[in-house]
Every structure is written in structure tokens, then in C-alpha cells.
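**Student:** I'll drop the sequence and a predicted model, then ask my questions.
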Amino acid sequence: DPKIIQKPKYLVAVTGSEKILICEQYLGHNAMYWYRQSAKKPLEFMFSYSYQKLMDNQTASSRFQPQSSKKNHLDLQITALKPDDSATYFCASSQGRLSSAETLYFGSGTRLTVL
Amino acid sequence: GDKVKQSPSALSLQEGTNSALRCNFSIAATTVQWFLQNPRGSLINLFYLVPGTKENGRLKSAFDSKESYSTLHIRDAQLEDSGTYFCAAEALNNQGKLIFGQGTKLSIKP
């Protein structure tokens, strides 16, 4: 059974609309992340959360907003969608020990296409 | 320039042969992780490395922080090893923020 669940698996949106990508992890981890994989670039770090607090934000645009309603949830809201936002968005998690680096576990991704 | 450079970009192997993938870092990496992205798109963690070597079955990986590189050796390649292999580096005080290479696309032929 997958331990990190991302929904939906595929998503098609029109330019200018807003979508929410869902991520839930059942690994008991305290840290969660969003990464993005587009055709032209390697996987890119977007956000990290630890104990539901934002730790790092490398996303230039405020159109991307993570939302953490529970410790094991980290959704990603994207507003005013643009075709350039088309990519696969991966959620990940780790134990969350702030004092050391850790193994990251990834969900299966949400492939977003903006028309 | 690329902070994490992987080579080769693509590789085709016969089943049963061995291969070596490499990552060179232009950042001060403290840890390295290797992932396999399978044909369905899932990212599977293969190794988490501090400087040193780890082995798991037919896979062996090494990370030399002084020389700024990491390698992944695949022994006796099987069809299910096909996919894209990514290395990712983590710099000091950047917990969870991995910098990925462009990947090596590996095709195993029967």
C-alpha cells in the first residue's frame, strides 16, 4: 500500500484557474516537502514543512501556497494557473529530525497540465 | 551551471552486464541520495549516503565528499532495473532540500 498518497494522479486545468493538489503521508513523519518535475528541468525543491511550520520556500511565485491542516497533510494550492506550471508535482516526507539530514520518501506525483 | 551533474545522460545495457553511474557536485554536499524513477513515474529511494560506501543486493554506491562525487554501480543488470536514476545532494543546514541532477536514463535489453 502506498504510504504517501497524492491526489489526483492526473489533473487538467485551464489558464487562470485554481487547483489544489492533495498529499497525505502515513509514515508518521514530521517533515513534508513539495518538489516539481518539468520536462525541461531536473526535480526542483519548492517547500519544506516541519511540524506543520514552513521551514524553507524556494518558489518565487506567491501563486503557490502550501496548506497543512494536519501533521500528515501538506496540500499545494496553485492560483492563476499558467501553461508553464505544467509539470509533475511530487510530495515527499522524512522523519523530521532537524539536527540531521534524512532519507526522503516520495509520493507517486500529480501530473498537472495547464491548457 | 549545474550544481549536480550526472553522467552519462543515457545508457543501454544488455541484461546481465554491469554499469557505473556518476554524479559530480559543484556544491559542498554533505549527504547524497540516489533514486530510481521507474517507467510509471514513481521515485524510489535507493540509497542515503554520508561519505562512504553502501551496498544493497546488486547495487553499490559510494560518496566522496572531498572529491565531490558519488557513484552508483549496478551489477548483473536486470530488466526491472530500467528507468531513470537520479542523484541528489544536500548541503549543510539545508535539511530536506535536495538538489537533483538531470538523471541517467538506463535501458536494459534482454
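**Tutor:** Alright, I've got the coordinates. Numbering: from 1, shown residues only, chains lettered A, B, ... in the order given.

**Student:** How about the residues of chain B by chain A?
**Tutor:** B:4, B:30-31, B:33, B:35, B:40-43, B:45, B:48, B:86, B:88, B:90, B:94-103 (C-beta under 8 Å from any C-beta of the partner chain). Every residue, glycine included, has its C-beta placed from N, CA and C.

**Student:** from these, which ones fall inside strands?
**Tutor:** Secondary structure defined by DSSP state E assigns B:4, B:30-31, B:33, B:35, B:43, B:45, B:48, B:86, B:88, B:90, B:98-100 of the residues of chain B next to chain A to strands.

**Student:** Work out for me the element the residue nearest the centre of chain A sits within.
**Tutor:** Centre of chain A computed as the mean C-alpha position; nearest residue by C-alpha atoms, centre = their mean is A:Trp34, 3.0 Å away. Assessed by DSSP states H and E, A:Trp34 sits inside strand A:31-37.

**Student:** right, is that strand up against chain B?
**Tutor:** Yes - with C-beta under 8 Å from any C-beta as the criterion, chain B is reached by strand A:31-37 at A:Ala31, A:Tyr33, A:Tyr35.

**Student:** Who are the contact partners of the nearest residue in space to B:Ile74 that is not next to it in sequence?
**Tutor:** Nearest residue to B:Ile74, sequence neighbours excluded (C-beta to C-beta, 6 or more residues apart in numbering or on different chains): B:Ser19, at 4.9 Å. Residues in contact with B:Ser19 (C-beta atoms under 8 Å, 6 or more residues apart in numbering or on different chains) are B:Leu11, B:Leu13, B:His73, B:Ile74, B:Ala77, B:Leu106.

**Student:** Just put the residues you listed in TSV and tack on pLDDT and secondary structure.
**Tutor:** Listed next are these as TSV, based on pLDDT from 0 to 100; DSSP: H, G, I helix; E, B strand; the rest coil:
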residue	pLDDT	secondary structure
B:Leu11	95	strand
B:Leu13	93	strand
B:His73	98	strand
B:Ile74	97	strand
B:Ala77	96	coil
B:Leu106	96	strand
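
**Student:** wait, which of the residues you listed is closest to A:Gln52?
**Tutor:** B:Leu106 (38.0 Å; C-beta to C-beta).

**Student:** what about the closest one, how many neighbours?
**Tutor:** Applying other C-beta atoms under 10 Å in any protein chain shown, we find 21 residues neighbouring B:Leu106.

**Student:** Surely it is in contact with B:Phe86?
**Tutor:** No - B:Leu106 is beyond contact range of B:Phe86, at 11.2 Å (criterion: C-beta atoms under 8 Å).

**Student:** and the closest residue to B:Thr30 other than its chain neighbours, how many neighbours?
**Tutor:** Nearest residue to B:Thr30, sequence neighbours excluded (C-beta to C-beta, 6+ apart): B:Leu92, at 4.9 Å. Using other C-beta under 10 Å, B:Leu92 has 11 other residues around it.
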